[in-house]
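Novice: Could you work out the structure for the sequence below:
(2 chains)
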Number of protein chains: 2
Amino acid sequence: VTEPCAAVVLGLGLMGGSLARDLAARGYRVLGWDRDASAVESAHRAGVVHAGLSDDFGGIGDADLVVLAVPVSAAPPLLEAVRPHLHRARLITDLGSTKRSIVAAAEVLGVGERFVGSHPLTGSHQSGWEAARAGMFGGARVFLCPTRSSSAAAMAMARELWTSLSARTEVVDAAEHDRLLAWTSHLPQAVSTALALALASNDVARGELGPGGRDVTRLAGSSPEVWTGIALDNAQVLIEAVSAMETGLCGFREALEAKDADAVRRFFARAREWAER
Amino acid sequence: VTEPCAAVVLGLGLMGGSLARDLAARGYRVLGWDRDASAVESAHRAGVVHAGLSDDFGGIGDADLVVLAVPVSAAPPLLEAVRPHLHRARLITDLGSTKRSIVAAAEVLGVGERFVGSHPLTGSHQSGWEAARAGMFGGARVFLCPTRSSSAAAMAMARELWTSLSARTEVVDAAEHDRLLAWTSHLPQAVSTALALALASNDVARGELGPGGRDVTRLAGSSPEVWTGIALDNAQVLIEAVSAMETGLCGFREALEAKDADAVRRFFARAREWAER
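Specialist: The predicted model follows:
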């Protein structure tokens, strides 16, 4: 290519900001937008974002790559808002933790051919531009979720994008993705959060915890906005997963109430078997 | 002192083995015992344990310091078994995660003056002699739980022991200790374990988890024997704590079922407030 690729990153928080850093480092001309103008200014001052995007999204027309990096509840309406400006975009993707809604929205909005959803399994409990860092996707597993009509060219471009950042891509159906993630990611987040609230309700400060308790509650510090969107978007499967967790805790509590040493031992022993598998 | 202090460490797992390493490094003559003779052999070969102790505990009579480092359910009967041999012991302590039972046992067995319970807030989800390491107590918080009759000399010796290992001691009533730890340590352990079982029940392998889920389930790999004892010994308070956790999860699930975005947001937002306090 004779001129550098142009990318638009919509949302400059932990994920979008980190991707913008990596794209800029690879020579992309990055245009940025964020609901919070100060994030765009910071990214511009850091030399990551070439220019901000006006709120009418007019400048998006020259971009080859358009990335939605906003909470999952905000992504479909944002895609609808930028839809009229996607003249040159060859790949439109997102970074959200749920995939059914955004993949369906891309189809409905008529950009299914050029859309491939991305979910990089990396991040942090921290959030915002300040938490963004270069190289965050290196070594990460990235789920790619095509629409029913994603073109081979868009798929290839999505693979190349992530491979160039040293991530490992894996193609999975969006519904299957959301079902898996409800268990592997959304349930652990809910559990860590509920534990934090149980401790808060008993006036136990985080500083009282040992290293184990700190690990289990680390995710409780995650962005409420990001996680409210994910939980609502994936509510159906997450309800099942939370129920299974409630059942397990209830069984443990009943074993304690009955002073059933064998049942208590099985509770811990079966978990260790799983942990060591 | 003209001759080195002699210590007996009963139980050479993660905690006892690590303490034996530190005591040997500080010039103690360490006698060791473990239910598993191969742990004693390994500790002897490693130059940590000077000699093993026969199963009749005869050799304990010369020890200045006697440490019980076995699961909390095994500690009271072990103290009873060694009781006839505690001729020279100036400090008898333990390393267990619950303190009421062992402190009460020391009083009943007539060694309350020389007994001070210890609970170092350190460790790992790993267990056994192989996991023991020197320096594990450095920087750790150690709760000291006296009996009703602990002597000033025994208290001073317990403080010196832990301070010499760079730990920070804190004196707390045994019942208060157990109530606090039910929330700060035993509940996080139960939650991590129950999450592992919920994932196992849905055939989700640990390798499927991202970094967050791995943190939340790390404790699930802990020793079933150690934790069965702790959970049963502290059942009364732990039942309360598990109930609070169940209530929190149930509230979250109901908010999802009702699609109550405000309630879901409050769930995540209040946890982050706690995490950032």
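Novice: do you know how far residue A:55 is from residue A:17?
Specialist: 19 Å (Cβ to Cβ, to the nearest Å). The way it works is simple: take the backbone N, C-alpha and C, and place the C-beta from them, glycine included.
Novice: At which residues are the helices of the stretch 151-277 of chain A located?
Specialist: Using DSSP state H, counting those that start in this stretch, the helices found in the stretch 151-277 of chain A span residues A:152-164, A:174-181, A:187-201, A:211-217, A:224-233, A:235-257, A:261-276.
Novice: Can you give the contact residues for the shortest one?
Specialist: The one in question is helix A:211-217. Residues outside helix A:211-217 that contact it (Cβ atoms under 8 Å, 6 or more residues apart in numbering or on different chains) are A:192, A:195-196, A:199, A:206, A:209, B:122-123, B:125, B:184-185, B:188-189, B:191-192, B:215-216, B:218-219, B:275.
Novice: swap the cut-off to 6 Å and go again
Specialist: Helix A:211-217 has contacts (Cβ atoms under 6 Å, 6 or more residues apart in numbering or on different chains) with A:192, A:195-196, B:184-185, B:188, B:192, B:215-216, B:218-219.
Novice: Need the CA coordinates for that helix. CSV is fine.
Specialist: Provided in CSV are the C-alpha atoms of helix A:211-217 (Å, rounded to 0.1, in the frame of the first residue of the first chain):
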residue,chain,number,x,y,z
PRO,A,211,-4.1,-13.0,49.2
GLY,A,212,-6.8,-15.5,48.4
GLY,A,213,-9.7,-13.3,49.1
ARG,A,214,-8.1,-10.5,47.2
ASP,A,215,-7.8,-12.7,44.1
VAL,A,216,-11.4,-13.8,44.3
THR,A,217,-12.7,-10.2,44.7
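Novice: who are the neighbours in contact with the single nearest residue of the stretch 1-150 of chain A relative to chain B?
Specialist: Closest residue of the stretch 1-150 of chain A to chain B, Cβ to the nearest Cβ: residue A:121 (4.4 Å). For residue A:121, the contact set (Cβ under 6 Å, 6+ apart) comprises A:140-141, B:210.
Novice: which residues of chain A score low on pLDDT?
Specialist: Where chain A drops to pLDDT under 70, the residues are A:1-4.
Novice: on that earlier part again, so which of residue A:55 and residue A:17 has more stuff around it?
Specialist: Taking neighbours as other Cβ atoms under 10 Å in any protein chain shown, residue A:55 and residue A:17 compare with residue A:17 leading, 30 against 10.
Novice: Isn't the more buried one up against residue A:132?
Specialist: Yes - Residue A:17 is within contact range of residue A:132, at 2.7 Å (criterion: Cβ atoms under 6 Å).
Novice: circling back to that earlier point, pick the most deeply packed of the helices of the stretch 151-277 of chain A.
Specialist: helix A:187-201 (a mean of 26; mean count of other Cβ atoms under 10 Å in any protein chain shown).
Novice: SS state for residue A:119?
Specialist: Secondary structure assignment for residue A:119 (DSSP: H, G, I helix; E, B strand; the rest coil): strand.
Novice: Once you drop chain neighbours, what's closest to it?
Specialist: Of all residues not flanking residue A:119 in the chain, residue A:143 sits nearest, at 4.3 Å (Cβ to Cβ, 6 or more residues apart in numbering or on different chains).
Novice: Just confirm that neighbour is within a strand.
Specialist: Yes - assessed with three-state DSSP, residue A:143 lies in a strand.
Novice: for it, what are its contacts?
Specialist: A:119, A:170, A:172, A:177 are the contacts of residue A:143 under Cβ under 6 Å, 6+ apart.
Novice: can you tell if stretch A:126-138 touches chain B?
Specialist: No - on the criterion Cβ under 6 Å from any Cβ of the partner chain, stretch A:126-138 is out of touch with chain B, staying 9.4 Å away.
Novice: Give me the buried positions along that stretch.
Specialist: If you call a residue buried by 16 or more other Cβ atoms under 10 Å in any protein chain shown, then stretch A:126-138 has these buried ones: A:127, A:129, A:131-132, A:134, A:136-137.
Novice: And for stretch A:12-32?
Specialist: Across stretch A:12-32, burial judged by 16+ other Cβ under 10 Å covers A:12-24, A:28-32.
Novice: Now find how far off-centre it is within its chain.
Specialist: Here stretch A:12-32 is found 16 Å from its chain centre; the criterion is Cα atoms, centre = their mean, to the nearest Å.
Novice: Quick check: residues of the stretch 101-250 of chain A near chain B?
Specialist: Counting by Cβ under 6 Å from any Cβ, the stretch 101-250 of chain A sits next to chain B at A:121, A:183-185, A:188, A:191-198, A:200-202, A:204, A:208-210, A:212-213, A:215-216, A:218-221, A:224, A:227-228, A:231, A:235, A:239, A:242, A:244-246, A:248-249.
Novice: how about residue A:209, phi and psi?
Specialist: phi -80, psi 150 (degrees, to the nearest 10).
Novice: surely it meets residue B:186?
Specialist: No - Residue A:209 is beyond contact range of residue B:186, at 11.6 Å (criterion: Cβ under 6 Å).
Novice: From residue A:272, how far out is the closest residue to residue A:273 other than its chain neighbours?
Specialist: Excluding the flanking residues, the one nearest residue A:273 by Cβ to Cβ, 6+ apart is residue B:200, at 7.9 Å. Taking Cβ to Cβ as the measure, residue B:200 falls 11 Å from residue A:272.
Novice: Same check on residue A:180?
Specialist: According to Cβ to Cβ, residue A:180 and residue A:272 sit 23 Å apart.
Novice: Same question for residue A:238.
Specialist: 26 Å.
Novice: Residues touching stretch A:226-235, excluding its own?
Specialist: Defining contact as Cβ under 6 Å, 6+ apart, one finds that stretch A:226-235 is touched by A:71-73, A:97-98, A:101, A:178, A:182, A:186, A:238, B:256, B:264-265, B:268.
Novice: Figure out how far that stretch is from the centre of its chain.
Specialist: Relative to its parent chain, stretch A:226-235 has a centroid offset of 11 Å by Cα atoms, centre = their mean.
Novice: again, but for stretch A:193-208
Specialist: Put simply, stretch A:193-208 sits 26 Å off its chain's centre (Cα atoms, centre = their mean).
Novice: First residue to last residue on that stretch, what's the distance there?
Specialist: 17 Å (Cα to Cα, to the nearest Å).
Novice: now do stretch A:162-178
Specialist: End-to-end distance of stretch A:162-178 (Cα to Cα): 20 Å.
Novice: Which positions in stretch A:77-90 come out as buried?
Specialist: For stretch A:77-90, a neighbour-count test (16+ other Cβ under 10 Å) marks A:78-79, A:82-83, A:85-86, A:89 as buried.
Novice: filter those residues down to the ones near chain B?
Specialist: Taking Cβ under 6 Å from any Cβ as the test, chain B is in contact with none of the buried residues of stretch A:77-90.
Novice: residues touching residue A:87, list them.
Specialist: residue A:61.
Novice: Quick check: it vs residue A:79, distance?
Specialist: Residue A:87 sits 15 Å away from residue A:79, going by Cβ to Cβ.
Novice: Also residue A:273?
Specialist: Going from residue A:273 to residue A:79 by Cβ to Cβ gives 44 Å.
Novice: Narrow the buried residues of stretch A:12-32 to those in strands?
Specialist: Under the assignment DSSP state E, the buried residues of stretch A:12-32 contribute A:29-32 to strands.
Novice: Generate a markdown table for those residues, with distance to residue A:40 as supplementary columns.
Specialist: As requested, those are exported to a markdown table (distance: Cβ to Cβ, whole Å):
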| residue | distance to residue A:40 |
| --- | --- |
| A:29 | 15 |
| A:30 | 11 |
| A:31 | 10 |
| A:32 | 5 |
